[in-house]
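>>> Sequence first, then the predicted structure, then my questions.
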Amino acid sequence: MCLAVPGRILEVEGTKGRVDFNGISREADLTLLPDAEAGDYVLVHAGFAIQRLDEAEARETLKLFGELAEALEQEDADRSDRESS
Amino acid sequence: MTGGIDFAAFRSEPAANALVGRINRLTERAGGTSERPIALMEVCGTHTVAISRFGLRAMLPPGLRLLSGPGCPVCVTPLIEIDRSIAAATMPDVIVATFGDMMRVPGSHRSLESVRADGADVRIVYSPMDALEVARKNPAKLVVFLGVGFETTSPIIAATIVAAAREGISNFTVLPFFKTVPAALDMLAAVPGRPLDGFICPGHVSVIIGSDAYLPVARDRNIPCVVTGFEPLDILAGVVMLLEQVVAIREATGSAGVAVQYSRAVTPEGNTTAQGLMDDVFAVYDAEWRGIGVVPATGQTLSKKYEMFDATKRLEIDVPTPVGESGCICGEIMLGRNLPPDCPHFGAACTPRSPVGPCMVSTEGSCAAFYKYEQGWRSGDPDGTEEK
Ligand code: SF4
């Protein structure tokens, strides 16, 4: 029920915006996000944009995941080095 | 504004493996065992489905248990409210508008789906604004929108009520059974008969109310709270953050607090515009949660200022004392004392096609999610989870 889908605002007109969801565009109400602008990533729930997605934070989270995966690969490589030597 | 967000990267397998490795180490360090596992509870239907769908339980060590709390608003709506909704739909000159998940919930005798088949005017809408449009187009009818949902949904309905007031659309009404999360977590933290070591806090409720809303629970109950997103890596990372707190508590190097994994969407203060709307349009009351009972200060009904939009003030909806399902343990599941396979009806008398209780009806109910994705979980055959 609390499902919210990320999309990107294409244009804003008054309290309504057109939002692109991976190629499909739909109208969303911007009453809860009065300062939303074209280009913003937003979460849309039941026809309303409820929050802006922070791109910098998203990239920060992904960077962390990337580093974790790398560290694991490194560990695995070290282990197989030890085992083969 | 270059590059955008690569959403697919939130499902990377190497990163998932790395997170599971950390979860294994932290669970061991925290002393979690299969006899006394570390127990973490999610309280959001979207988390329930994501955990089941991505098979996260099967990836976790036996010393860690994920419980499924009362995160499905449809499942916690009392039977009498379902009966009232159905009764309203059968009244003359009434149109009931609802989100789709309410249609198949069995009332004492009927469901909205079955009264619609008999000619009642029941319409499924995607947004409450669509229900307002139905009211605009049918001035001679009273539109009753079923106001089910947590704080993710209720401000949207509040905004719709304000729009109705502004435009003078007086034949739009709401049957309010909204529930709020933070005080419910406080109740859940104190449930006897099962340990609980942390809350996976609901991501989109938190978008609205802000992560600071959980500070009292974390502080007063010494229960770690982490707000996580809905991708598999988000949930696993949230579990890591919770376990780090559990370890700190057990090693007496720290106390419970609130942390945010879903930082791309959740701020400490939340969406203050939405909060302002809720404060204006709603009044707090002691709501009944189906299968659980009355929980103080966890319901939202319409405030005095907007009571003309309250369907119960405009219609006499009298229904007899409801006749409940027998043997359903949804309540025990939502309190974290059981998981769906513990119910004798699960997969036998109770399936999504012929549900006995509400947790099997709603696609976000714990029983429905387990049935669809995790049938092999208990039998030790996590890969036997063939899609139904
Ligand atoms: S399996 Fe059916 S009867 Fe059992 S708890 Fe779930 S919904 Fe209730």
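It's in. Since the model is a prediction, treat every value here as computed from it, not as a measurement.

>>> Taking chain A, what residue is nearest to the ligand?
Closest residue of chain A to the ligand, C-beta to the nearest ligand atom: A:Met1 (16.7 Å). Every C-beta, even on glycine, is put in place using the N, C-alpha and C of the backbone.

>>> Give me the spatial nearest neighbour of that residue, chain neighbours excluded.
Distances taken as C-beta to C-beta, 6 or more residues apart in numbering or on different chains put B:Pro73 closest to A:Met1, at 5.0 Å, once the chain neighbours are dropped.

>>> Touching, that neighbour and B:Thr180? I think so.
No: the pair B:Pro73 / B:Thr180 is not scored as a contact, 10.6 Å apart, by C-beta atoms under 8 Å.

>>> More neighbours: the two, which one.
With neighbours defined as other C-beta atoms under 10 Å in any protein chain shown, B:Pro73 and B:Thr180 compare such that B:Pro73 has more, 27 against 21.

>>> shaky segments in chain A?
A:83-85 (pLDDT under 70).

>>> Longest strand of it, counting residues only.
In chain A, with assignment by DSSP state E, the single longest strand is strand A:5-13.

>>> which residues in the stretch 51-200 of chain B form helices?
Using DSSP state H, counting those that start in this stretch, the helices of the stretch 51-200 of chain B run over B:56-59, B:79-89, B:112-117, B:128-137, B:154-167, B:182-189.

>>> same deal with chain A?
Applying DSSP state H to chain A gives helices spanning A:55-84.

>>> which bits of it sit near chain B?
Within chain A, the positions lying close to chain B (C-beta under 8 Å from any C-beta of the partner chain) are A:1-4, A:6, A:8, A:29, A:31-34, A:39, A:41, A:43, A:45-48, A:50-51, A:53-55, A:57-62, A:64-66, A:68-69, A:71-73.

>>> returning to what we had before: residue contacts, the residue of chain A closest to the ligand?
Contact analysis of A:Met1 by C-beta atoms under 8 Å, 6 or more residues apart in numbering or on different chains lists B:45-46, B:72-74, B:99, B:101, B:148-150, B:152-153, B:362, B:364.

>>> between those, which is closest to chain A?
Distance to chain A across the contacts of A:Met1 (C-beta to the nearest C-beta) is lowest for B:Thr152, with 4.0 Å.

>>> Contacts only, for the nearest residue to A:Val12 once chain neighbours are set aside.
If the residues on either side of it in the chain are set aside, A:Val12 comes closest to A:Ala38, at 5.8 Å by C-beta to C-beta, 6+ apart. Taking C-beta under 8 Å, 6+ apart, we find A:Ala38 in contact with A:9-12, A:17.

>>> quick one: which of those is most hemmed in?
The most crowded member of those, judged by other C-beta under 10 Å, is A:Gly17 (24 neighbours).

>>> is it true that it touches A:Gly7?
No: between A:Gly17 and A:Gly7 there is no contact under C-beta under 8 Å: 9.5 Å.

>>> so which residue of the stretch 151-300 of chain B comes closest to the ligand?
Taking C-beta to the nearest ligand atom, the stretch 151-300 of chain B has B:Gly291 as its residue nearest the ligand, at 8.6 Å.

>>> Counting neighbours, what do you get for that residue?
B:Gly291 has 22 neighbouring residues, counting by other C-beta under 10 Å.

>>> So B:Pro296, which state does it fall into?
Three-state assignment for B:Pro296 (DSSP: H, G, I helix; E, B strand; the rest coil): strand.

>>> Could you find the closest non-adjacent residue to B:Ile169?
B:Ala135 (5.2 Å).

>>> Roughly how far does that neighbour sit from B:Leu142?
Applying C-beta to C-beta, to the nearest Å, the value for B:Ala135 to B:Leu142 is 8 Å.

>>> what residues do those two have in common as contacts?
Contacts common to B:Ala135 and B:Leu142, judged by C-beta under 8 Å, 6+ apart, are B:Asn171.

>>> Among the two, which residue is more densely surrounded?
B:Ala135 (23 against 20).

>>> mind giving me the domain split of chain B?
Taking automatic domain parsing as the reference, chain B has its domains at B:7-73+B:183-260, B:76-180+B:270-314, B:332-370.

>>> Secondary structure class of the spatially closest residue to the residue of the stretch 151-300 of chain B closest to the ligand that is not a sequence neighbour, three-state.
Leaving out its chain neighbours, the residue that sits closest to B:Gly291 by C-beta to C-beta, 6+ apart is B:Gly331, at 2.8 Å. The three-state label given to B:Gly331 by three-state DSSP is helix.
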